[in-house]
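Q: heads up, no residue letters with this:
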């Protein structure tokens with residue numbers, strides 16, 4: 001009969017292995033800093049994501065979220081003017097580059 005300590009240890013290892021496996025399927029995403037463009041009042045931010053066929057959606061969400069947060073920190077709301085996406089193959093980097101403006105909240 002196994003000792004309860006070793007049983008918990010095996011369960012703990014199995015849980016850790018499951019978490020690592022799920023994390024590897026989800027992939028990772030990163031976002032650049034927001035920078036101003038040559039057009040006054042317009043900013044740009046880019047995001048990339050890897051891991052699975054929905055990586056483009058994570059890249060899009062990260063870029064849109066960073067634009068929203070940038071404007072909200074200034075008491076304003078974001079308005080996306082253009083978005084460029086790249087990457088279609090599974091397990092490659094997918095990217096989204098968003099140009100946006102900040103406008104007063106109504």
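A: Everything's here; your move. Bear in mind the structure is a predicted one, so any value in this text is a computation, not a measurement.
Q: so residue 33 makes contact with residue 46?
A: No. Assessed by CB atoms under 8 Å, residue 33 is found out of contact with residue 46, at 9.5 Å. In this view, the C-beta of every residue, glycine as well, is placed from N, C-alpha and C.
Q: same drill for these two, tell me which one is more crowded.
A: Taking other CB atoms under 10 Å, residue 33 and residue 46 do not tie; residue 46 has more neighbours (20 against 9).
Q: and that one, what are its bridge partners?
A: Under DSSP bridges, the beta-bridge partners of residue 46 are residue 97.
Q: what secondary structure does the most centrally placed residue in the chain sit in?
A: Centroid-nearest residue in the chain, with CA atoms, centre = their mean: residue 62, separated by 3.7 Å. Assigned by DSSP: H, G, I helix; E, B strand; the rest coil, the conformation of residue 62 is helix.
Q: tell me the contacts of it?
A: By CB atoms under 8 Å, 6 or more residues apart in numbering, residue 62 lies in contact with 29-31, 47, 49, 96.
Q: ok, for it, nearest residue in space, not its chain neighbours?
A: Leaving aside its sequence neighbours, residue 62 sits nearest to residue 47 (CB to CB, 6 or more residues apart in numbering; 3.7 Å).
Q: what's around the one you found, how many residues?
A: Close neighbours of residue 47, defined as other CB under 10 Å, add up to 23.
Q: tell me the pLDDT at it?
A: With respect to pLDDT, residue 47 scores 96.
Q: got the contact list for it?
A: By CB under 8 Å, 6+ apart, the contact set of residue 47 is 29-32, 58-60, 62-63, 66, 95-96.
Q: any of these buried? List them.
A: 29, 31, 58-60, 62-63, 66, 95-96 (16 or more other CB atoms under 10 Å).
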